[in-house]
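K.L.:
pasted the sequence and its predicted model underneath.
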Amino acid sequence: MSKTKKRDDEAEVDEEEEEEEFVVEKVVDMRIKGGKRFYSSENTWEPLENLDCPELIQDYEDRMKKEKEEKKKRKTKDTTDDEGSVASTSSKKKKVVAEEDNRPRGFDRGLQPERIIGATDSSGELMFLMKWKDSDEADLVPARQANIRCPQIVIAFYEERLTWHTHTDDDDKDDKGDK
């Protein structure tokens, strides 16, 4: 065996390592980034031009279309039953939430305030959680409205939480000893 033949074998091995091709078994996901489609085949994301499997891509896209259509069918099926009336619990919940959103809140309910349970400024505005007379429900009310409509209740709320720090003669002695 000659040395040239050995070198040819090594060259073939090097070429195979450099041009290693992967076979796509199945397309599992797709992303669009910068106007380009990228497909995932298990472990990597490859642009469409790097893939040589048009039938696998077509199968994936067909599956996605079918799933999308089935979702649409399920949604329309949930909204109506055999008689054509509303039957879905999710649509009933949506209606209840919509009704709750439309009903009056706070002072618009026409109830008399009993006391302020708490306060928050999570929305960027100071709000009081107001307990109403003859009602078990409480509403968040803007502090501006409460200050005007029920100032005595607002004062009572602040007084409940007010703490006084009294200054005693013992504190004076401690302060002088520190200096």
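P.N.:
Noted; the coordinates are in hand. Residues are numbered from 1 along each chain as shown.
K.L.:
helix or strand right after the longest strand belonging to the chain?
P.N.:
Among the segments of the chain that qualify as a strand by DSSP state E, the longest is strand 113-120. Scanning forward in sequence from strand 113-120, with DSSP states H and E defining helices and strands, the next element found is strand 127-132.
K.L.:
Three-state assignment for His167, please.
P.N.:
Look at His167: counting by DSSP: H, G, I helix; E, B strand; the rest coil, its state is coil.
K.L.:
check the gap between it and Arg161 for me.
P.N.:
Using Cβ to Cβ, to the nearest Å, we find His167 at a distance of 21 Å from Arg161. Bear in mind the C-beta positions are built from the backbone N, C-alpha and C, glycine included.
K.L.:
what's the answer for Val28, then?
P.N.:
In this view, Val28 and Arg161 are 58 Å apart by Cβ to Cβ.
K.L.:
with Lys26 instead?
P.N.:
According to Cβ to Cβ, Lys26 stands 63 Å off from Arg161.
K.L.:
Gly110 too?
P.N.:
Look at Gly110 and Arg161: by Cβ to Cβ, they are 28 Å apart.
K.L.:
again with Arg144
P.N.:
Note on Arg144: its distance to Arg161, by Cβ to Cβ, is 19 Å.
K.L.:
who has more neighbours out of these two?
P.N.:
A direct count of neighbours by other Cβ atoms under 10 Å for Arg144 and Arg161 places Arg144 higher, at 11 against 7.
K.L.:
after the helix or strand hosting that one comes which helix or strand?
P.N.:
Under the criterion of DSSP H and E, Arg144 resides in helix 143-149. Downstream of helix 143-149, the next assigned helix or strand under DSSP H and E is helix 151-161.
K.L.:
counting neighbours, what do you get for Leu126?
P.N.:
By the criterion of other Cβ under 10 Å, Leu126 has 13 neighbours.
K.L.:
now it. Nearest residue, chain neighbours left out?
P.N.:
Excluding the flanking residues, the one nearest Leu126 by Cβ to Cβ, 6 or more residues apart in numbering is Ala143, at 4.0 Å.
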